[in-house]
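*Asks:* Give me a 3D structure for the following:
(chains A and B)
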Number of protein chains: 2
Amino acid sequence: MRSSDSTTIDVPESKKDVPESSAIGKGKAPLVAVVVKQRGGWKRGVAIFDFLLRIGAITAALAAASTMGTSQETLPFFTQFFQFQASYDDLPTFQFFVIAMAIVGGYLVLSLPFSIVSIVRPRAVGPRILLLIFDTVALTLNTAAAAAAAAIVYLAHNGNSNTNWLAICQQFGDFCQQVSGAVVAAFVSVVVFVFLIFLSALSIRKP
Amino acid sequence: MRSSDSTTIDVPESKKDVPESSAIGKGKAPLVAVVVKQRGGWKRGVAIFDFLLRIGAITAALAAASTMGTSQETLPFFTQFFQFQASYDDLPTFQFFVIAMAIVGGYLVLSLPFSIVSIVRPRAVGPRILLLIFDTVALTLNTAAAAAAAAIVYLAHNGNSNTNWLAICQQFGDFCQQVSGAVVAAFVSVVVFVFLIFLSALSIRKP
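*Replies:* Numbering: from 1, shown residues only, chains lettered A, B, ... in the order given. Model (predicted):
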């Protein structure tokens, strides 16, 4: 009992007697706070970069969907029974591309609030894991659409003599150009998604 | 100076006088250790599941590559100048498929040691982040190969009347079946990769 009393009395005494130690104590507290803030700040920077990348990916995905969706060309000559016309919905793969890229664009818009939550609370892990999981699914959909359309665009450009599939880009040059542009935009979006997943993986990690 | 001396003496005194407090301190230590061990055990289970999934993905990826790589069919009739034959290397997309799936299979084999490191040291974050990042890249390659081949297989099955690309599966039925099987195996590998990324994301998280 005596010893516990003496300690409780000693603590204020030492504070009064040795002001340097209390100064060190006070000096340490902000130092720790600065370190914590810095860690939060590093994650906040990643979160802001994540937000900007998402806006870039939205642009790329919606540009891909709309470029493909508006691609059609009507040749200036026609016979009595037939008018030569190419449109994206002549090929099921291009229809899938438009739908998939619209879904990816919509998902990216819906993911922006979660990205904002990561900026406001840089150390919260929940929203980032949620974003990483859904980003992975969206990446798969986006890559599938881009690669399938790329395979068809390649065929439209070069044809294939072994299977007697002729190139159609000699006739429908503008159509092919527009479709190729859409595929390139989709691959830009794929690259942005891979970066987004890298960033999420690095910032989920314990600091 | 006097006060600091008195505090250093008081601390062992209080330990001797009040053994209950030290007992509480000892009681707490094993409790914490048990919790830590349990957390490690949960992560170890995830790591073992990760390893098994990787072996499944290796099987699927190499099966896809070899099925596609051995796919060829020679029709039993021929003209004086021409023998009807279909092989995977008639179509550039299928060549890309074989190469990409072989790369994915090779990467998966090389990733097994890192997966074993995660089993041995369940709380190490480094190998898991490394695996997550490379898994994402491999997923993109795998999805691109699978989707591009699927687009061509769809065309081979159904043809396209708008572009005058005729279906070749009426003639080369066995070839088409083999190629379709390879595409299915590649999509199985894609699904396994998505699961692998989910598992990595959940286990990188601070317990």
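
*Asks:* hey, which strand is longest across chain A?
*Replies:* Counting by DSSP state E, the longest strand found in chain A is strand A:72-78.

*Asks:* other SSEs contacting it?
*Replies:* Using 3 or more CB pairs under 8 Å, 6 or more residues apart in numbering or on different chains; DSSP states H and E as the contact criterion, the secondary-structure elements in contact with strand A:72-78 are strand A:83-87, helix A:173-204. C-beta coordinates here come from the backbone N, C-alpha and C atoms, glycine included.

*Asks:* neighbours around A:Leu52, how many?
*Replies:* Other residues lying near A:Leu52 total 10 when counted by other CB atoms under 10 Å in any protein chain shown.

*Asks:* Settle this for me: A:Val194 is touching B:Leu139, isn't it.
*Replies:* No. Counting by CB atoms under 8 Å, B:Leu139 is not a contact partner of A:Val194; they are 9.2 Å apart.

*Asks:* Please enumerate the shared neighbours of those two.
*Replies:* A shared contact of A:Val194 and B:Leu139, defined by CB atoms under 8 Å, 6 or more residues apart in numbering or on different chains, is any residue touching both; here these are A:Leu139.

*Asks:* out of these two, which sits in the more crowded spot?
*Replies:* Neighbours were tallied for A:Val194 and for B:Leu139 using other CB under 10 Å; the higher tally belongs to B:Leu139 (24 against 17).

*Asks:* Contacts only, for the more buried one.
*Replies:* Taking CB under 8 Å, 6+ apart as the definition, contacts of B:Leu139 comprise A:Thr136, A:Leu139, A:Thr140, A:Thr143, B:Val190, B:Phe193, B:Val194, B:Ile197.

*Asks:* Can you lay out those as JSON lines showing distance to B:Gly41 and pLDDT?
*Replies:* As requested, those are exported to JSON lines (distance: CB to CB, whole Å; pLDDT from 0 to 100):
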{"residue": "A:Thr136", "distance to B:Gly41": "26", "pLDDT": "95"}
{"residue": "A:Leu139", "distance to B:Gly41": "31", "pLDDT": "96"}
{"residue": "A:Thr140", "distance to B:Gly41": "31", "pLDDT": "96"}
{"residue": "A:Thr143", "distance to B:Gly41": "36", "pLDDT": "96"}
{"residue": "B:Val190", "distance to B:Gly41": "30", "pLDDT": "96"}
{"residue": "B:Phe193", "distance to B:Gly41": "26", "pLDDT": "95"}
{"residue": "B:Val194", "distance to B:Gly41": "25", "pLDDT": "95"}
{"residue": "B:Ile197", "distance to B:Gly41": "22", "pLDDT": "94"}
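
*Asks:* could these be laid out in TSV, adding distance to A:Val153?
*Replies:* As requested, the contacts of B:Leu139 are arranged in TSV below (distance: CB to CB, whole Å):
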residue	distance to A:Val153
A:Thr136	26
A:Leu139	21
A:Thr140	20
A:Thr143	15
B:Val190	22
B:Phe193	25
B:Val194	26
B:Ile197	28
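
*Asks:* Closest one of those residues to A:Pro76?
*Replies:* Of all the contacts of B:Leu139, A:Thr143 has the smallest distance to A:Pro76: 37.1 Å, by CB to CB.
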